[in-house]
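Visitor: here is the input, now give the coordinates:
(one chain, ligands or ions: 1)
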Amino acid sequence: MALSKTTSQIDETLYSTFASRYARTSFPKFKMSENSIPKEAAYQIITDELMLDGNPRLNLASFVTTWMEPECDKLIMASINKNYVDMDEYPVTTELQNRCVNMIAHLFNAPFGDEETAVGVGTVGSSEAIMLAGLAFKRKWQNKMKAAGKPYDKPNIVTGANVQVCWEKFARYFEVELKEVKLRDGYYVMDPEKAVEMVDENTICVAAILGSTLNGEFEDVKRLNDLLTEKNNKMGWDIPIHVDAASGGFVAPFLYPELEWDFRLPLVKSINVSGHKYGLVYAGIGWVIWRSKEDLPDELIFHINYLGADQPTFTLNFSKGSSQVIAQYYQLIRLGREGYKSIMENCQGNAMVLKGGLEKTGRFNIVSKDKGVPLVAFSLKDSSRHSEFEVSDLLRRYGWIVPAYTMPPDAQHITVLRVVIREDFSRTLAERLVGDIEKVLHELDNQPARVCTKLANSEEAVGIDHAVVMKNAIEVQREITTAWKKLVADRKKTNGVC
Ligand SMILES: Cc1ncc(COP(=O)(O)O)c(C=O)c1O
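Guide: The predicted model follows:
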């Protein structure tokens, strides 16, 4: 993004390590150079810089897929030059997209007959999917209010304070008030009772999350559906529900098929899911599915024909790659229900191994639930001497990327570490991670003592009280923790957990 800071403002030139072989002169980092360089040089220079990125497989911060089968990698490379939007030129790719939409709609129990096709679209990710779903709700609500001769300039949406930043973006970009149900100690998802209390005539929808970003917990969509039905009946409203199943949409149908969270519930009108999370495709694919044609206002669909034939489109952008759509289709047919189920069971099993190992240390409270997205979120039982941020920081030294973040209001005093278990995270790695966390704790436990001893040795000579030195060392630790917490709180929801 053009607004990003560059890491180094001072050193504005790039040098090649292999200068004599590739490039003899340096070239500017932030301006386009006048001359071309050999392809080998460009490749080498970029590869060298990228060596300093973290290892994606050890990036436990992200839900996004970091491993696919080599056969699928081949398919991705083979379609890398196809623009998805050229539907008339690439009719097979379009057909594969439509098959994916239908398969996912069936998975979510959309009530359409054998003769009908599902209503949905492939997107760049859940964020775009959520913008589209939100726009459909907003437009439907506006149409209804206009028809009733009522004001339609103050739409709102009700969510938990735990929503991912894309909901805040939707609210701000499309001028919808975001009404957030606050969290509380020990309860880190949207309380359906409170959500229903907050709705009013201007509520375009209530958004529930199937798999909270913060602790993987499933929100109780069924209870929300029941309570909202009651309120709708009482007030004469028809407020609908959207389910943000970014991470849980490919988990729940396989691990908890009995759980009612999808189109089986009458008020659920649209659902988004990230194909690039537990849909098991590399970054760049999401899906939004509507319950029926009536739930997607026709005026939001554009019909273009200058590329060959009539193409209905409802997306925020136009051109994009086809590879991810093809990769999603590969996973759906390659794995089938059986394959997805066994991968999700394996992830869940590994999450339990990690959880057990962490509990055994006796140092952590587990804040994720066993029934949810396969992840383990945990916080220190005693954070008076070390913070979760320090644990996260030290784990980097062992190669692990484990984020630490504070919970949203009113649970912002709780800090958690979160490990997302993906398909490529094995049991051996889970055990290894527990071992490394133990080492980090040991190191941290000894840190204040080491500081104290050093200080004590040097200060003894000048007669300083040891108790005071000890207190200072602990105070320093506390200050560091407070500074970390402030830094993260300031960054709010853009703190890199996705
Ligand atoms: C619950 C939830 N919704 C939406 C998103 C945004 O998803 P995407 O990265 O696919 O745009 C995330 C990302 O982690 C998420 O966890």
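
Visitor: residues near the closest residue to Glu69 other than its chain neighbours, how many?
Guide: What sits nearest to Glu69 in space, not counting adjacent residues and going by CB to CB, 6 or more residues apart in numbering, is Arg334, at 7.4 Å. In short, each C-beta sits where N, CA and C put it, glycine included. Number of residues near Arg334 (other CB atoms under 10 Å) recorded here: 13.

Visitor: how about stretch 111-123, does it get close to the ligand?
Guide: No: judged by CB under 6 Å from any ligand atom, stretch 111-123 makes no contact with the ligand; its nearest approach is 8.3 Å.

Visitor: Val416 contacts Leu214, doesn't it?
Guide: Yes: Val416 is in contact with Leu214 according to CB atoms under 8 Å; the separation is 7.1 Å.

Visitor: which neighbours do these two share?
Guide: Common neighbours of Val416 and Leu214 (criterion: CB atoms under 8 Å, 6 or more residues apart in numbering): Ala377, Tyr405, Met407.

Visitor: can you pull out the helices in the stretch 251-400 of the chain?
Guide: With helices called from DSSP state H, counting those that start in this stretch, the stretch 251-400 of the chain shows them at 252-255, 323-361, 388-397.

Visitor: deepest-packed of those, please.
Guide: For those, average neighbour numbers computed from mean count of other CB atoms under 10 Å are highest in helix 252-255, which has a mean of 22.

Visitor: then that helix to PDB, C-alphas only?
Guide: Taking C-alpha atoms only, helix 252-255 is exported to PDB below (Å, rounded to 0.1, in the frame of the first residue of the first chain):
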ATOM      1  CA  ALA A 252     -18.000 -26.700  11.200                       C
ATOM      2  CA  PRO A 253     -19.600 -28.700   8.300                       C
ATOM      3  CA  PHE A 254     -16.900 -31.400   8.800                       C
ATOM      4  CA  LEU A 255     -16.300 -31.500  12.500                       C
END
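
Visitor: please list the residues of the chain that sit near the ligand.
Guide: Counting by CB under 6 Å from any ligand atom, the residues of the chain near the ligand are 63, 125-127, 164, 166, 209, 213, 244, 246-247, 274, 286, 498.

Visitor: list the contacts of whatever residue of the stretch 301-450 of the chain ends up closest to the ligand.
Guide: Nearest residue of the stretch 301-450 of the chain to the ligand (CB to the nearest ligand atom) works out as Val373 at 8.5 Å. Counting by CB under 8 Å, 6+ apart, Val373 touches Phe63, Gly211, Gly216, Phe218, Ser247, Gly248, Val251, Tyr278, Val420.

Visitor: make a markdown table from the residues you listed and add neighbour count and secondary structure to it.
Guide: Shown next, in a markdown table, are the contacts of Val373 (neighbours: other CB atoms under 10 Å; DSSP: H, G, I helix; E, B strand; the rest coil):
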| residue | neighbour count | secondary structure |
| --- | --- | --- |
| Phe63 | 22 | coil |
| Gly211 | 30 | coil |
| Gly216 | 29 | coil |
| Phe218 | 23 | strand |
| Ser247 | 29 | coil |
| Gly248 | 28 | coil |
| Val251 | 25 | coil |
| Tyr278 | 30 | coil |
| Val420 | 27 | strand |
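
Visitor: so which pair among the residues you listed is furthest apart in space?
Guide: The widest separation within the contacts of Val373, taken as CB to CB, falls between Phe218 and Val420 and amounts to 15.4 Å.

Visitor: surely Gly372 meets Gly216?
Guide: Yes: judged on CB under 8 Å, Gly372 makes contact with Gly216 at a distance of 4.1 Å.

Visitor: could you measure from the nearest residue to Trp290 once chain neighbours are set aside over to Leu300?
Guide: Sequence neighbours aside, Val119 is the residue nearest to Trp290 in space, at 4.3 Å (criterion: CB to CB, 6+ apart). Separation of Val119 from Leu300 (CB to CB, to the nearest Å) stands at 12 Å.
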